[in-house]
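> A predicted structure for the sequence below; I have some questions about it.
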Amino acid sequence: MLPMTARTLWIALILSQALPAAAAAQGIQVVDAWSRPTPPGIDVGVAYFTIRNAGKSDRLLRVSSPVAKSAELHVSALRDGVMKMEGLASVEVGSGTPVSFEPSGRHVMLVGLKKPLREGDVFPLTLTFANAGRVKTSVHVRGADGRESHPVSGMKH
Amino acid sequence: MTRTQKIALSAVAVAAVVLGIALTILTRPDGPSIAGFVYPEPRVISPFKLTAQDGKPFDLESLKGRWTFVYFGYTYCPDVCPTTLAELARAKKLLDSAGVPAQYVFVSVDPQRDTPKRLAQYVAFFDPGFVGATGTDEALTALTRQVGVAYSFPEGTKGATYAVDHTSIVALFDPDARLHAVFTPPHEGEGIAEGFRKILEKRTRVARTG
């Protein structure tokens, strides 16, 4: 009986891990979400990430996070040599084409941070898509230089 | 002069500088190659007077006797300014460790929100050696027009959350307070440090052979 129970547990465990992953692989995935620590006295922040879409074309409508009063979809764009920050009403996420939010490009501006963001913090961000609905991700606050200062130990690439 | 006229005038000034730069690049291909451009003849800068984070003047004299990197932006900027300042801090680290001294200045074009005190906290976050400076619109444009930097407030400056459009270059002044080179975005610490070293090498060569 015991081995049987153990096996059942294993199967249950594998299924519980595999099913959400399988569901996500068919639709929207938000990966590599990161942010910068905020300088003293500054209550605006940023979030960057990559959206992968293995399903039908979709559209990112809005973002929100409990750490800020509001979160806005922005793009920094060079226009005639001048850097402008423009609001985005929504962002198309085509099927199979990753969409990157990255420095000096598309980004989420966090307005009215409730407390400063510090290196090593992790905070939630919810992205709402027209078809996929709400997708949650965890945003990791990197060092001030924006580079990953503490890679996961034992990970080799 | 109305705000629109001022912006138009700034635009003309910037266009003139950009045209000058384009001609420079096209006619003098022998300069050191950097992520931006090097003036074949460094540009003499007319006097200007800003206020540094400690309340002291930041003017033409402040640029003399050392090389100075100047970036123009504002602290409420969530993306481009912190990205650039982080890369500039990286350039400083690389140059410091190679024993190459320089001064690094962040000029805020948003004096309404960026008081000297706020600037002091802000720049120190990126590097304790960074200097912050700002001034009135008039004081700022006295410098920005000469280095080809334009800035404007597309939705006005009411409330606490407005954005500022601004040219995102890093200007490099030589120890004679002349505009020597301009680094253009996207900025990268290694590229800025390497570009600066090329400029210094070229200058040393010219000094030796000339």
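Done, it's in.

> Residues contacting stretch A:122-129, please?
A:28, A:30, A:33, A:35, A:47, A:49, A:51, A:58-67, A:71, A:93, A:108, A:117, A:134-141 (CB atoms under 8 Å, 6 or more residues apart in numbering or on different chains). For every residue, glycine as well, the C-beta is placed using N, CA and C.

> Any of these buried? List them.
Buried subset of these (neighbour count, 16 or more other CB atoms under 10 Å in any protein chain shown): A:28, A:30, A:33, A:35, A:47, A:49, A:51, A:58, A:60, A:62-65, A:67, A:71, A:93, A:108, A:117, A:135, A:137, A:139-141.

> which of those come close to chain B?
Taking CB under 8 Å from any CB of the partner chain as the test, chain B is in contact with none of those.

> Bridged to the residue most central in space within chain B, which residues?
Using CA atoms, centre = their mean, the residue of chain B that lies closest to the mean C-alpha position is residue B:70, 2.9 Å off. Going by DSSP bridges, residue B:70 is paired in beta bridges with residue B:105, residue B:171.

> Next, residue B:122: secondary structure please.
helix (DSSP: H, G, I helix; E, B strand; the rest coil).

> Pull the contacting residues for it.
A:39-42, B:75, B:106, B:114, B:132.

> ok, the residues you listed vs residue A:145, which is closest?
Nearest to residue A:145 out of the contacts of residue B:122 is residue A:39 (CB to CB; 13.0 Å).

> Okay, and the residue lying closest to residue B:168 once chain neighbours are set aside sits in which element?
In this structure, residue B:168 finds its nearest non-sequential neighbour in residue A:83, 4.0 Å apart by CB to CB, 6 or more residues apart in numbering or on different chains. Following DSSP states H and E, one finds residue A:83 within strand A:82-87.

> Number of residues surrounding residue 54?
No chain in the question, so chain A it is. A total of 12 residues lie near residue A:54 under the criterion other CB atoms under 10 Å in any protein chain shown.

> The intended chain is chain B.
Residue B:54 has 13 nearby residues by other CB under 10 Å.

> on that earlier part again, and the strand holding residue A:83, what does it pack against?
Counting contacts by 3 or more CB pairs under 8 Å, 6 or more residues apart in numbering or on different chains; DSSP states H and E, strand A:82-87 packs against strand A:68-79, strand B:165-167.

> Can you give the distance from the first one to the centre of its chain?
Computed by CA atoms, centre = their mean, to the nearest Å, the chain-centroid distance of strand A:68-79 equals 15 Å.

> Flag every buried residue along that strand.
A:68, A:71-76.

> Strands along the chain, start to end?
No chain specified, so I'll use chain A. All strands of chain A, identified by DSSP state E, fall at A:28-35, A:44-53, A:58-64, A:68-79, A:82-87, A:91-93, A:99-101, A:106-113, A:122-129, A:133-141.

> was after chain B, sorry
Going by DSSP E, chain B shows strands at B:36-44, B:49-52, B:57-59, B:68-73, B:103-108, B:131-134, B:151-152, B:165-167, B:170-173, B:178-183.

> ok, back up a step: between the contacts of residue B:122, which is nearest residue B:37?
residue B:106 (21.6 Å).

> Neighbours of that closest one, how many?
Residue B:106: 27 neighbours (other CB under 10 Å).

> isn't it right next to residue B:82, touching?
No: contact criterion CB atoms under 8 Å: residue B:106 and residue B:82 do not qualify, at 10.8 Å.

> what bits of chain B have low per-residue confidence?
B:1-31, B:210 (pLDDT under 70).

> Show me which residues of it are close to chain A?
Near chain A, when you scan chain B using CB under 8 Å from any CB, you find B:14, B:18, B:75-80, B:82-83, B:86-87, B:89-90, B:118, B:121-122, B:125-126, B:148, B:150-152, B:154, B:161, B:163, B:165-168, B:185-186, B:189.

> which ones are touching the residue nearest to residue A:120 when sequence neighbours are not counted?
Excluding the flanking residues, the one nearest residue A:120 by CB to CB, 6+ apart is residue A:141, at 6.3 Å. Counting by CB under 8 Å, 6+ apart, residue A:141 touches A:34-37, A:117-123.

> can you give me phi and psi for the closest residue to residue B:160 other than its chain neighbours?
Once flanking residues are discounted, residue B:160 sits nearest to residue B:113: 7.4 Å by CB to CB, 6+ apart. Main-chain dihedrals, residue B:113, degrees, to the nearest 10: phi -100, psi -30.

> For the residue nearest to the spatial centre of chain A, give me its contacts.
When CA atoms, centre = their mean is applied to chain A, the residue found nearest the centroid is residue A:33 (3.7 Å). Taking CB under 8 Å, 6+ apart, we find residue A:33 in contact with A:47-49, A:125, A:137-140.

> and residue B:48, how many residues sit next to it?
22.

> for chain A, what are the low-confidence residue spans?
A:1-26, A:149-157.

> what does it have sitting close to chain B?
A:36, A:39-42, A:44-46, A:74, A:76, A:78-79, A:81-85, A:103-104, A:107, A:109-111, A:144-146.

> Please repeat the previous calculation with a cut-off of 7 Å.
A:36, A:39-42, A:44-46, A:76, A:78, A:81-85, A:103-104, A:107, A:109, A:111, A:144-146 (CB under 7 Å from any CB of the partner chain).

> which among the residues you listed end up buried?
If we count by 16+ other CB under 10 Å, these have these buried: A:36, A:39, A:42, A:44-46, A:76, A:81-85, A:103-104, A:107, A:109, A:111, A:144-146.

> The residue nearest to the centre of chain B touches residue B:108, doesn't it?
No: using CB atoms under 7 Å, residue B:70 is not in contact with residue B:108; the gap is 11.4 Å.

> what's the burial count for residue B:157?
That count, for residue B:157 with other CB under 10 Å as the rule, works out to 11.
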